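Asks: predicted model, plus sequence, below.
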Amino acid sequence: MLSFSDVIFVLGTLGLSLAILVPLAGTLVRFRAHYNPKGLQLDSEGGVQPHTGPVISSFFAMLRRVHRIEGWLGLYKGLMPSLLSSLVITFFLVIFLSDSNLRHGTYSAPDAGAVGILFYSIFAMLVSLPQVIITNRAITTPHKLPYLNAIYSLRVLLTPTERRKPWILYLTPGLLAVQVAHIAYVVLGLRTIRQLLLPGLANPGFPNRDEISPVKATIFLVIALLSTAILTPLEVIAIRLSIQRNHAAPEFNSISQEEDGDAEEATEYAGADEDVIGLRTEREPYIGLVDCAKRIIEEEGWSALYRAWWLTTLGSLSGALS
């Protein structure tokens with residue numbers, strides 16, 4: 001049974017984590033969602049005009065831009081959905097796990113082999129997918145969302161079609177495919193390779209030196225580093241697809257509202273005459289995983305698929321050693 005001090009410790013740790021991670025995660029989402037075409041565009045009359053949107057070339061430039069235009073409140077956009085999902089997970093751990101597990105952070109996915117872990121991870125992704133979509137949209141919207149009015153926020157973030165049929169979020173073109181591809185690569189690829197090369201890392205506690213081959217460890221770290229080339233584009237594509245809202249009318253895409261929508265009533269930040277990020281043209285949505293990748297390359301160049309690749313690398317290394 002957890003004591004009151006244990007609960008305070010868990011909630012305090014959660015609050016500190018969110019205070020640090022929410023601005024960083026929000027900056028990453030905006031940086032990867034930002035539309036920055038490399039060529040000229042055609043206006044409504046067919047004339048050529050240069051792209052006039054903001055040009056953000058780095059993660060830290062995006063962080064500074066968000067703070068300059070929207071202030072600290074802008075950096076904490078997406079806090080409430082992140083907080084609610086974290087509280088649900090925390091309460092689950094408190095109810096179903098012992099206090100010793102919580103203190104020592106020993107909770108992990110059930111060890112049921114690669115296939116079992118794959119299905120467990122896909123199930124967890126399906127449960128959390130609506131929260132991920134809402135969080136990413138809350139981060140990228142130019143509107144100021146109240147912290148304690150979920151109904152109002154959902155009216156801004158979701159189209160009338162999505163509010164009438166919430167399950168349509170799972171039919172967002174290409175989103176499930178890219179999420180499953182990411183999970184499959186990590187679980188069936190990296191985890192299986194690690195198990196073959198470094199089985200000692202699967203045991204609890206720190207492995208002994210004689211259980212770890214330096215050569216095999218080096219090979220695995222190289223593979224984990226090279227995996228950045230595959231995982232980063234999948235993560236960029238997942239963010240691009242998650243902010244695409246679903247409409248009943250095919251001529252509308254994810255970013256525009258339907259004609260009976262109500263986002264025009266939402267309040268924007270002071271100084272919002274300057275957009276924090278640019279979003280892709282309203283009536284040409286990505287229609288799937290492959291289409292999204294092809295259009296990003298054609299319109300923005302290969303580099304757009306590798307924005308903040310170093311954060312993916314850090315995540316791969318952390319996962320490789322955990």
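Replies: Yes, it's here. Quantities reported herein were computed from a predicted structural model and do not represent experimental measurements.
Asks: tell me the pLDDT of L148.
Replies: At L148, the model reports a pLDDT of 88.
Asks: same question for V7.
Replies: Predicted confidence (pLDDT) for V7: 71.
Asks: any low-confidence regions in the stretch 51-200 of the chain?
Replies: 51-53, 93-113 (pLDDT under 70).
Asks: try 80
Replies: 51-54, 89-116, 198-200 (pLDDT under 80).
Asks: check the stretch 201-322 of the chain too.
Replies: For the stretch 201-322 of the chain (pLDDT under 80), the answer is 201-212, 248-274, 281-283, 318-322.
Asks: what's the span of stretch 135-144, first residue to last?
Replies: 14 Å (C-alpha to C-alpha, to the nearest Å).
Asks: got it, and stretch 135-151?
Replies: For stretch 135-151, the end-to-end distance is 15 Å (C-alpha to C-alpha).
Asks: list the buried residues for that stretch?
Replies: Judged by neighbour count using 16 or more other C-beta atoms under 10 Å, the buried positions of stretch 135-151 are 135-145. In this view, the C-beta of every residue, glycine as well, is placed from N, C-alpha and C.
Asks: quick one: which of those is nearest to I277?
Replies: T140 (6.6 Å; C-beta to C-beta).
Asks: what distance do you get for the closest one to L241?
Replies: 12 Å (C-beta to C-beta, to the nearest Å).
Asks: and if you look at L21?
Replies: From L21 to L241 the distance is 22 Å (C-beta to C-beta).
Asks: more crowded one of the two?
Replies: L241 (26 against 12; other C-beta atoms under 10 Å).
Asks: residue contacts, the closest residue to that one other than its chain neighbours?
Replies: Of all residues not flanking L241 in the chain, L175 sits nearest, at 4.4 Å (C-beta to C-beta, 6 or more residues apart in numbering). Neighbouring residues of L175 by C-beta atoms under 8 Å, 6 or more residues apart in numbering: 129, 133, 238, 241-242.
Asks: all helices of the stretch 101-250 of the chain, in order?
Replies: 113-140, 150-157, 160-164, 175-184, 192-197, 214-226, 228-242 (DSSP state H, counting those that start in this stretch).
Asks: count of residues packed around R194?
Replies: Residues near R194, counting by other C-beta under 10 Å: 20.
Asks: test my guess that it contacts L221.
Replies: No: using C-beta atoms under 8 Å, R194 makes no contact with L221, being 10.2 Å away.
Asks: turn the contacts of L175 into CSV, columns for distance to F60.
Replies: Listed next are those as CSV, based on distance: C-beta to C-beta, whole Å:
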residue, distance to F60
L129, 29
I133, 26
A238, 22
L241, 25
S242, 23
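Asks: just the buried residues of these.
Replies: 129, 133, 238, 241-242.
Asks: so what's the residue count around V156?
Replies: The burial count for V156: 21, using other C-beta under 10 Å.
Asks: quick one: it and I117, what's the gap?
Replies: Counting by C-beta to C-beta, the gap from V156 to I117 is 37 Å.
Asks: got it, and V178?
Replies: On the measure of C-beta to C-beta, V178 and I117 end up 19 Å apart.
Asks: which one's more surrounded, the two?
Replies: Taking neighbours as other C-beta under 10 Å, V178 and I117 compare with V178 leading, 24 against 19.
Asks: residues touching the more buried one, list them.
Replies: Counted by C-beta under 8 Å, 6+ apart, V178 has contacts 234, 237-238, 241, 289, 292.
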